[in-house]
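Undergrad: I'll drop the sequence and a predicted model, then ask my questions.
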Amino acid sequence: TSRRQRQMCIRDRVSATENILPSGVRQRQFVWSVSALVKRKLVQICTALLYNGNFAGFTTGNIWKGSSKNICLPGLNCYSCPGALGACPLGSLQSSLSGVFLRIPFYVLGFILLFALIFARLICGWGCPFGLVQELLYKIPTPKLQRNRFTYLLSYLKYFIALVFLLLLPLAFYQFTGSGVPAFCKFICPAGTLEAALPLAFFKPQIRELLGQLFIWKLSLLCLTVLAAIFIYRPFCRFICPLGAIYGLFNKISLFGIKVNTVKCINCDRCMEHCKMDCRHVGDRECIACGECRKVCPVKAISLGKKF
């Protein structure tokens, strides 16, 4: 009963707050929210184009080999994509633990730590091309699977995958075979299959001849991811992506991201009702700073930008 009374009290406060605002102000707030979401899509598209600015590679299948490939990009974008101008942070991390000589990847870890401390999972929401692909697939009009307790528990899977496929398996292969393998990139990553394997196989007959069971396995994972993304919001990002798992650990301390003005907040939980990620509260480890919560906050207590 007390919980029901609290919810009714909060609804009354929300209604009172909304009624106080003139209709013109409410309309401008709605327009601002829509405009902000459109801006995010534009940023995502521009980021994808910047990551993959070697447009000639998409017509020839030739991989860019310029000096910019020594620089890690913030988001997940396969090194072997014909258009890629930079390196994928996960791929670079994996390459350091591959082959017969293991190296501590201080350079790569420095890039990842820098991106994490400045942006954290804001990169996932604004600067990941594969995240954009999933969001566009989700717009296909079909019944959707909403977040629930099971999806929240499943969101921990990416931390297990990060530990096993980024660290333990490469070291295990090195221990037992004398050569480490980039386990996540080789056995799982659907972004690499979409951005690199398929274009290269299309343009290079010699590559097509080498395709075998591993390619069929990875193509199956890509198809499953694409199919899931039609019904589930960003399934790869929520359940699989090790980079999102790493960035999520820094969400609370990153320089930029989503923040809540606790003085304005009336605890109405509208933000969580509209959140498509597996967040328990705004700005937690699952938050990708997409800004969906800002447009529904009745008191405009949520903002995106510098947090400290």
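TA: Arrived safely. Residues are numbered from 1 along each chain as shown.

Undergrad: next one: the host helix or strand of residue 125 to chain centre, how far?
TA: Residue 125 is part of helix 122-126 when elements are defined by DSSP states H and E. Helix 122-126 has its C-alpha centroid displaced from the chain centroid by 6 Å (C-alpha atoms, centre = their mean, to the nearest Å).

Undergrad: what residues does that helix touch?
TA: Residues outside helix 122-126 that contact it (C-beta atoms under 8 Å, 6 or more residues apart in numbering): 40, 43-44, 47, 74-75, 115, 131, 237, 241, 243-244, 247, 254, 256-258, 288-291. (Glycine included, C-beta is placed from N, CA and C.)

Undergrad: Now the buried members of the residues you listed.
TA: By the neighbour-count criterion of 16 or more other C-beta atoms under 10 Å, the contacts of helix 122-126 include these buried positions: 40, 44, 47, 74-75, 115, 131, 237, 241, 243-244, 247, 254, 256-258, 288-291.

Undergrad: picking up where we left off before, dump the C-alpha coordinates for the helix or strand following the helix holding residue 125 into CSV.
TA: Counting by DSSP H and E, the next helix or strand C-terminal to helix 122-126 is helix 129-138. Provided in CSV are the C-alpha atoms of helix 129-138 (Å, rounded to 0.1, in the frame of the first residue of the first chain):
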residue,chain,number,x,y,z
PRO,A,129,29.3,1.7,-36.4
PHE,A,130,28.2,-1.8,-35.5
GLY,A,131,25.9,-0.3,-32.8
LEU,A,132,24.4,1.9,-35.5
VAL,A,133,23.7,-1.1,-37.7
GLN,A,134,21.9,-2.8,-34.9
GLU,A,135,19.8,0.3,-34.1
LEU,A,136,18.7,0.6,-37.8
LEU,A,137,17.7,-3.1,-37.8
TYR,A,138,15.7,-2.6,-34.7
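
Undergrad: Quick one: mean pLDDT over helix 129-138.
TA: For helix 129-138, the mean pLDDT works out to 98.

Undergrad: Can you spell out which helices and strands pack onto it?
TA: When contacts are defined as 3 or more C-beta pairs under 8 Å, 6 or more residues apart in numbering; DSSP states H and E, helix 129-138 sits against helix 23-51, helix 190-192, helix 213-231, helix 235-239.
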